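# Need coordinates for the below:
(one chain, ligands or ions: 3)
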Amino acid sequence: MDKLEIMKIALCGYMGCGKSTVSQLIASKKGLNFVETDLKIEKQENLSISEIFTQKGEIYFRKQENLILKNLLDNLDESVLSLGGGTPCYANNLQMLKETQDLKLVYLKLTAANLTNRLWSETHQRPLISHLSSKELLDEYVRKHLFERQYYYLQSDYIIDANDKSAEELSDEIINLFY
Ligand SMILES: Nc1ncnc2c1ncn2[C@@H]1O[C@H](COP(=O)(O)OP(=O)(O)OP(=O)(O)O)[C@@H](O)[C@H]1O
Ligand SMILES: O=C(O)C1=C[C@@H](O)[C@@H](O)[C@H](O)C1
Ligand SMILES: [Mg+2]
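Ligands and ions are numbered 1, 2, ... in the order given. Have a look, this model is predicted:
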């Protein structure tokens, strides 16, 4: 495919890998829309992600995530889409992403150790890890969880080694894949 035809980029990866930060940089550098599934769900529910998990439960969240992704992909313009950490791992989300014309799925891959270091100061905002009270417990959780999820993330069109790179560098590396 001609590089210039690809105008839809979706970033996936584990919590804290930089999806939101890097997607926004790519969108602003290339004049594309920035879209984030988590933000869409928060807006629809008028609740934060943590509040949705607590008040309505994870199954409800996953159902809304699937419906919102379907709606987004059916109507997607030139955009950079920042997915939720679990999005490709549930329902038919990965299949929908792979079947969307002109969309390329990019995995921001970080080691479990680097993810743990980054997430340790930010656990309170993330409902799946907010109960983990020590860095050792967080590390153990991330290792197991990442192992389960890599199966899905690794089916992305592009796998980017995001260890020890700034968000600026990563945004340029991804832009260079397509433009
Ligand atoms: N390349 C980078 N190097 C160092 N820190 C980064 C990098 N990219 C993002 N960060 C920082 O890591 C944290 C997580 O980044 P961000 O929120 O973009 O990740 P995310 O993948 O969107 O997470 P979530 O799955 O929770 O939505 C933030 O504090 C952000 O400033
Ligand atoms: O990794 C996950 O399963 C999640 C990541 C976040 O982006 C949110 O979508 C939510 O906290 C669940
Ligand atoms: Mg994010």
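# What average pLDDT does the top helix by length along the chain get?
As assigned by DSSP state H, the longest helix anywhere in the chain is helix 135-153. The pLDDT scores in helix 135-153 average 98.
# Quick check on residue 19: phi, psi?
The phi and psi values for residue 19, taken as degrees, to the nearest 10, are phi -50, psi -50.
# Just confirm it contacts residue 11, I think it does.
Yes: applying CB atoms under 8 Å as the test, residue 19 and residue 11 come out as touching, 4.5 Å apart. All C-beta spots, glycine's among them, are computed from the backbone N, C-alpha and C.
# okay, and the common contacts of those two?
Both residue 19 and residue 11 are contacted by 82, 83, 108, under the criterion CB atoms under 8 Å, 6 or more residues apart in numbering.
# ok, those residues vs ligand 2, which is closest?
Among these, residue 83 lies closest to ligand 2 (CB to the nearest ligand atom), at 7.6 Å.
# Is any residue of the longest helix of the chain near ligand 1?
No: counting by CB under 6 Å from any ligand atom, ligand 1 has no neighbours in helix 135-153; the shortest distance is 11.4 Å.
# Now that helix: buried residues?
138, 139, 141, 142, 145, 146, 149, 150, 152, 153 (16 or more other CB atoms under 10 Å).
# Contact partners for the first one?
Spelled out, that is residue 138. For residue 138, the contacting residues are 116, 119, 120, 123, 129, 132, by CB under 8 Å, 6+ apart.
# Now do the contacts for the closest residue to it other than its chain neighbours.
Nearest residue to residue 138, sequence neighbours excluded (CB to CB, 6 or more residues apart in numbering): residue 132, at 4.5 Å. Residue 132 sits next to 123, 138, 141 when contact means CB under 8 Å, 6+ apart.
# These also near ligand 2: which ones?
Filtering these for proximity to ligand 2 by CB under 6 Å from any ligand atom leaves nothing.
# Which positions in the chain make contact with ligand 2?
Residues of the chain lying near ligand 2 (CB under 6 Å from any ligand atom): 15, 38, 49, 84, 85, 86, 126, 127, 128.
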